[in-house]
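A.B. asks: Turn this into a model:
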Amino acid sequence: DANDDSSLIGSDNQTYQPDFNEVTGCTNFNHGSYQLGPTESATGCVVYQVPTGVTPAKYQFSLNGGFGGDFAEWLIP
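C.D. replies: The predicted structure follows:
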């Protein structure tokens, strides 16, 4: 579930959870859940709202809504 398994860390070191609103021209993975069959691919968005003046610093993804233990983290330049 892309929405339950990800979070955004802002330049203010606060953690932001996904917002379930739609963004024009980009699917929100049917509110987080999305399934693909063999050889299929798709593009979509996980939407976040951050306060004015805060910039995204890191993106984190963990399995099972954070209960999977480990997580992957990407720095956002």
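A.B. asks: ok, what's across the strand from Val23?
C.D. replies: Cys26 (DSSP bridges).
A.B. asks: ok, it - how many residues close by?
C.D. replies: Per other C-beta atoms under 10 Å, the neighbour tally for Val23 reads 12. (C-beta placed from N, C-alpha, C; glycine too.)
A.B. asks: if I look at it, how far off is Cys45?
C.D. replies: Per C-beta to C-beta, to the nearest Å, Val23 is found 6 Å from Cys45.
A.B. asks: next one: Phe71
C.D. replies: 20 Å.
A.B. asks: Show me what the top strand by length along the chain pairs with in its sheet, parallel or antiparallel.
C.D. replies: Counting by DSSP state E, the longest strand found in the chain is strand 56-62. Partners of strand 56-62 in the sheet, by DSSP bridges, are strand 6-10 (antiparallel), strand 71-75 (antiparallel).
A.B. asks: Give me the distance between that strand and the centre of its chain.
C.D. replies: 7 Å (C-alpha atoms, centre = their mean, to the nearest Å).
A.B. asks: Using the neighbour-count criterion, name the buried positions in that strand.
C.D. replies: When burial is assessed from 16 or more other C-beta atoms under 10 Å, strand 56-62 yields the following buried residues: 59, 62.
A.B. asks: Just give the nearest non-adjacent residue to Ala72, would you?
C.D. replies: For Ala72, the nearest residue in space outside its immediate sequence neighbours is Phe61; the separation is 4.9 Å by C-beta to C-beta, 6 or more residues apart in numbering.
A.B. asks: do the same with Asp70
C.D. replies: With C-beta to C-beta, 6+ apart, the residue lying closest to Asp70 is Ser62, at 7.0 Å.
A.B. asks: Tell me the bridge partners for that neighbour.
C.D. replies: Note on Ser62: beta-bridge partners by DSSP bridges are Phe71.
A.B. asks: separation between it and Gln17?
C.D. replies: Ser62 sits at a distance of 12 Å from Gln17 (criterion: C-beta to C-beta).
A.B. asks: Tell me where the model's unsure across this structure.
C.D. replies: 28-34, 64-69 (pLDDT under 70).
A.B. asks: Could you rerun that using 90?
C.D. replies: 1-6, 18-36, 41-47, 61-71, 77 (pLDDT under 90).
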